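In: Sharing a sequence plus its predicted fold:
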Amino acid sequence: MKLIKFINLGGPLNWLLTAILCFCFCQCLERGIYFFQTRKGSKGDVLKRLQTKAMKLAALTETQRRKEMEKETALLYYEMNRGLWLLNFISAVSPSIGLLGTVTGLIGSFSKMAEVGAAVNIQDLSGGIWEAMLTTAFGMIISIPALLCYRTFKRIIEKRMMTMGLYGDECQSIVTGTHDAERCDASSCTWEETGCSALPCQQGAL
């Protein structure tokens, strides 16, 4: 009940901000779970998926293989960025909605003061202004975490894309057998030794 009363103090726009807050929380939770499940070394590691795709394309020509790898990289990039536009939108719009609520609240307070004239009660006036300022504070409370999560997720994506770019070509060369054989041990080698992790190979096996 106290939460509902607090929302009502800010007027109708506070309910809109409450709905935006719910969307923001759900999106941050969904993206957080996704990035945790696709972290390095996990079953859903995006680099492992790219390496697996490279293995499947070993029979294709270099041009076809490169095109397919570019498609796979683009799909992974889209998958990682899915829904982040909403966090960026919320971080930009929430303060403006809060400010709009404050302005409309101040307009109502000053219009009442103009109607009353000299008999205005300063306590009532300050109470109305205080309530009007709640929407701005509420909007900032939503905007700051949304922007923080957005920047954090984008940083994770940048690091993953850099890793995929660094190791993508080398993984393809290993798959086609053009990678320097001297980097493999006489009996076996790992992708970690050649710059790519998680997929074992044996010298001369490819």
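Out: Yep, that arrived. The structure presented is a predicted model; accordingly, all values stated were derived computationally and were not measured.

In: Return the distance of residue 67 relative to residue 162.
Out: Residue 67 sits 21 Å away from residue 162 when distances are taken as Cβ to Cβ, to the nearest Å. Using the backbone N, CA and C atoms, a C-beta is placed for each residue, glycine as well.

In: quick one, which of these two is more surrounded?
Out: When residue 67 and residue 162 are compared for neighbours, residue 67 comes out ahead with 13 against 10, by other Cβ atoms under 10 Å.

In: give me the number of residues near residue 25?
Out: 14.

In: Against residue 161, how distant is it?
Out: 27 Å.

In: cool, residue 148 as well?
Out: According to Cβ to Cβ, residue 148 and residue 161 sit 21 Å apart.

In: The two: which is more packed in?
Out: Shown here are residue 148 and residue 161; by other Cβ under 10 Å, residue 161 has more neighbours (16 against 13).

In: Could you look up the SS state of the more buried one?
Out: Three-state call for residue 161 (DSSP: H, G, I helix; E, B strand; the rest coil): helix.

In: Residue 88 too?
Out: Three-state call for residue 88 (three-state DSSP): helix.

In: Isn't it up against residue 150?
Out: Yes - between residue 88 and residue 150 there is a contact at 5.2 Å, judged by Cβ atoms under 8 Å.

In: Now the host helix or strand of residue 6: average pLDDT?
Out: Using DSSP states H and E, residue 6 sits in helix 2-9. For helix 2-9, mean pLDDT rounds to 75.

In: buried residues in it?
Out: Within helix 2-9, the residues that count as buried by 16 or more other Cβ atoms under 10 Å are 7, 9.

In: So which elements touch it?
Out: For helix 2-9, the elements it packs on are helix 12-37, helix 122-175, judged by 3 or more Cβ pairs under 8 Å, 6 or more residues apart in numbering; DSSP states H and E.

In: The first one packs against which elements?
Out: Read it as helix 12-37. helix 2-9, helix 84-116, helix 122-175.

In: Would you reformat the ones you listed as TSV and include distance to residue 52?
Out: Below are those laid out as TSV (distance: least, Cβ to Cβ, whole Å):
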stretch	distance to residue 52
helix 2-9	48
helix 84-116	25
helix 122-175	10
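
In: In JSON lines: the helices and strands packed on helix 2-9, plus mean pLDDT.
Out: What follows is the helices and strands packed on helix 2-9, written out as JSON lines (pLDDT from 0 to 100):
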{"stretch": "helix 12-37", "mean pLDDT": "92"}
{"stretch": "helix 122-175", "mean pLDDT": "81"}
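
In: for these, which one sits closest to residue 46?
Out: Nearest of the helices and strands packed on helix 2-9 to residue 46, taken as Cβ to Cβ: helix 122-175 at 5.8 Å.

In: got the angle for the closest one vs helix 84-116?
Out: 170 degrees (axes from the mean of the first three to the mean of the last three Cα atoms, to 10 degrees).

In: Please, which helix or strand holds residue 69?
Out: Here residue 69, judged by DSSP H and E, is contained in helix 62-81.
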